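Novice: The sequence and its predicted three-dimensional model are supplied below.
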Amino acid sequence: MNLRRLWAIVIKELRQLKRDRVTAAMIVGIPTIQLLMFGFAINLDVRGLKSAIADQSHTSASRAVVQDMLATGVIVQAQSAQTPDDLMVALKRGRISVGVVIPPDFERRVAENREAIQVLVDGSDISVQNAARQLAQIPLNSQSSLRPAQISVVSFYNPERVSAINVVPGLVGVILTMTMILFTAVAIVRERERGNLELLITTPVSRTELMIGKVLPYIIIGLIQTTIVLALGVLVFHVPTRGHWIDVYGATMLLIMANLSLGLLISTRAQSQFQAMQMSFFLLLPSILLSGFMFPFAGMPKAAQWISEILPLTHFMRLNRGIMLRGASLLDLWPDALVLIIFTIVMMSLAIMRFSKRLD
Amino acid sequence: MNNINAIEARGMTRRFGDLIAVNNVDLTVPKACVYGFLGPNGSGKSTTIRMLCGLLTPTAGDIEVLDYRIPEQAEELKRKMGYMTQRFSLFEDLTVRENLEFLAAIQNVPRAQQKNRIATLLRDYHLDDRQKQMAGTLSGGQKQRLALAGAVIHQPELLLLDEPTSAVDPESRRDFWEKLFDLADTGTTILVSTHYMDEAERCHRLAILDEGILVADGEPMEMAATLVGRTFQVTTTQPRKAQAVLLKEPGVVSVAQIGKQLRVMIGVGDSIPAHLNQALKADGLDAVLQSAVPNLEDVFVAATHRSHLEHAR
């Protein structure tokens, strides 16, 4: 490998990138917009959720609990209800987001230390769900001596909640997957379409120089994006970073390289930029859905778990949540780091092998 | 193998599925020569050039370029070869200077010489005042000059040019050819494909390709000389009608209208066709038939006509 040629390719890519306004805008725009959108949707301080309460107990204790709940301001009574069925209907029709059921044997359940109140939640709306869960955590200081454990929350339509704090570490990965794969996926195809490639392959430039030269500039871009997301996450949403920043960037670096080499492999396969984009989106969807970003890995069927194990985002999700939220270091989580490294090496080798300096 | 020839190819063949794009072509290109490839679109010119520089693997045949076996030693050849594609293949979103800097690094132009080399090229190719302009915004002729400057930045021994002037105005084409002869003068071997007769005429040597077959090769003048006695000029007031009459006569290979005149070619061994005059007279046409000096266009017609007859058989 000749470093001068490699450097020439890196400089060339950066110059082209600088002049490509749309791509340059995407580099900053995608992380900013996504983070703000995801972040605000989830961190909304939900108050005044429409609700209905079916108090079938009609005791002074149950009325006291209802008063306590309404006093939090999280829910407001939007309509009356007599039975849990009334609540279900209202919930289904979207008239209320939260239903509270106080069963006829409320006092006995409290005395026996069993679940005494059921909160029905429209889980299709994540922020509602979170708010309702907070509701269940509120210590109800009534004379009934009800403990939080005695309020059960049943969430409909979205059994697992995504918490705000979970989102930012994962979102770094989603944004990097979205942009990094796409950038390199079109990198080689674009040169083929524009005719540059026919010139390049008649020069002494080697396949490895070309491939690595194409990837290097995007690592810098990936790190810029990471910084934007993390900075906004910390400043706007107060996401904690319990681990070390160096570990966060280390994990991000591994994901960037894995995604870039995957994009490059796409680029050697695709016949047109459009095809490259289609292939990228084909990979993006399972990455978002199966990586554990949206739904917990544990709840997936075996087949989905296998697929998710080959996706770089899955491993990054584990790494970054571990580092940012649990304060782990990259070394503690070495198996996932190793998978990303192996993934990168395999994809990069395949891309170099598949890229031919011939036209046939 | 030898030191006289830059390219030696025997039985060069390339198939794409059922299509034989290049069929058993033998090619010898002497060093420091401007060698032309003349042929219509789809005649296999590009495929041949791509095989010669190792971009396409030949289906059959032996190729040696600058004493390297192709395609096996294509990478070694690439250091000593410049290639200009049919389509502008430099980076349109880089400036003229940036493109040349990029190619200098890629082509291993020694760092110490890079600055001088680029300055020389910018001057020689009249791009001095354009060096900060994006390559994509250059005119056709300027793009062509930049592409040639890029192809010769490492002073290659061999230059392969695939229809370099197809998108350029006549004056730029003339300038371009002057540059090619300058390069040949310094010892560069140039293989250039074209479908322009006037360009083909300028080449030191020429090969005519038709449907993948090399139908004729040699020096343009010599090739034309072989047709002496076979070309005629007919001056008449009714050229369309005269053309129809002549085409029916035996021995006539082709009749083409050029302005108000007809250019007639007769087959090999046919004597001065008194019967043509008679045929014209018989149809009541006022026409004068004179022998004409054969030109390259006649060579092309004769060569491609023969191959079409062979195909028909």
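Specialist: Yep, it's here.
Novice: and the residue of chain A found nearest chain B, what element?
Specialist: In chain A, the residue that lies nearest chain B is A:Ala8 (3.4 Å; C-beta to the nearest C-beta). Where you see a C-beta, it was placed from the backbone N, CA and C, and this is true even at glycine. Assessed by DSSP states H and E, A:Ala8 sits inside helix A:3-19.
Novice: Flag every buried residue along that helix.
Specialist: Using 16 or more other C-beta atoms under 10 Å in any protein chain shown as the test for burial, helix A:3-19 gives A:Arg5, A:Leu6, A:Ala8, A:Ile9, A:Val10, A:Ile11, A:Lys12, A:Glu13, A:Arg15, A:Gln16, A:Leu17.
Novice: Check residue 111 and give its pLDDT.
Specialist: With no chain named, the answer covers chain A. pLDDT for A:Ala111: 79.
Novice: my bad, chain B
Specialist: For B:Arg111, the predicted pLDDT is 93.
Novice: so it makes contact with A:Leu3?
Specialist: No. B:Arg111 is beyond contact range of A:Leu3, at 11.8 Å (criterion: C-beta atoms under 8 Å).
Novice: Now the residue of chain B found nearest chain A: which helix or strand?
Specialist: Proximity to chain A, evaluated over chain B using C-beta to the nearest C-beta, is greatest for B:Ala105 at 3.4 Å. Element membership for B:Ala105, per DSSP H and E: helix B:96-106.
Novice: Report how many residues lie close to residue 85.
Specialist: All of this is about chain A. 10 (other C-beta atoms under 10 Å in any protein chain shown).
Novice: Correction: the question concerned chain B.
Specialist: B:Thr85, neighbours per other C-beta under 10 Å, totals 24.
Novice: what sits against the closest residue to it other than its chain neighbours?
Specialist: Using C-beta to C-beta, 6 or more residues apart in numbering or on different chains and skipping residues adjacent in sequence, the residue nearest B:Thr85 is A:Glu198, 4.9 Å away. Residues in contact with A:Glu198, defined by C-beta atoms under 8 Å, 6 or more residues apart in numbering or on different chains, are A:Leu359, B:Leu55, B:Thr85, B:Arg87, B:Ser89.
Novice: ok so, going back, isn't the residue of chain B closest to chain A up against A:Leu3?
Specialist: No. The criterion here is C-beta under 8 Å, and B:Ala105 misses it with A:Leu3 at 10.2 Å.
Novice: Least confident secondary structure element in chain A?
Specialist: Across the helices and strands of chain A, mean pLDDT, DSSP states H and E gives its lowest value to strand A:151-156, namely a mean of 60.
Novice: Enumerate the residues of the stretch 251-360 of chain A near chain B.
Specialist: Listed as neighbours of chain B in the stretch 251-360 of chain A under the rule C-beta under 8 Å from any C-beta of the partner chain: A:Lys357, A:Arg358, A:Leu359, A:Asp360.
Novice: Between the residues you listed, which sits nearest B:Gly36?
Specialist: B:Gly36 has its nearest neighbour among these in A:Leu359, at 23.0 Å by C-beta to C-beta.
Novice: May I have the residues that are in contact with that closest one?
Specialist: Contacts of A:Leu359 by C-beta under 8 Å, 6+ apart are A:Glu198, A:Ile201, B:Arg50, B:Leu55, B:Leu56.
Novice: returning to that earlier point: check whether the residue of chain A closest to chain B really touches B:Glu98, as I assumed.
Specialist: No. Between A:Ala8 and B:Glu98 there is no contact under C-beta under 8 Å: 10.2 Å.
Novice: Can you list the low-confidence ranges for chain B?
Specialist: Residue ranges of chain B with pLDDT under 70: B:1-3, B:270-273, B:306-313.
Novice: got the residues of it near chain A?
Specialist: Close to chain A, as judged by C-beta under 8 Å from any C-beta, chain B has residues B:50, B:53-57, B:71, B:74-75, B:78-79, B:81, B:83, B:85, B:87-94, B:98, B:101-103, B:105-108, B:111, B:150.
Novice: same thing but at 6 Å, please
Specialist: B:53, B:55-57, B:78-79, B:83, B:85, B:87, B:89, B:93, B:102, B:105-107 (C-beta under 6 Å from any C-beta of the partner chain).
Novice: quick one: which two of these are the most distant?
Specialist: B:Thr57 and B:Asp93 (32.1 Å).
Novice: Would you mind telling me which of these two has more residues around it?
Specialist: Neighbour totals were compared for B:Thr57 and B:Asp93, and B:Asp93 leads with 17 against 14 (other C-beta under 10 Å).
Novice: My read is that that one contacts A:Gln16, right?
Specialist: Yes. If you go by C-beta atoms under 6 Å, B:Asp93 and A:Gln16 touch, sitting 5.1 Å apart.
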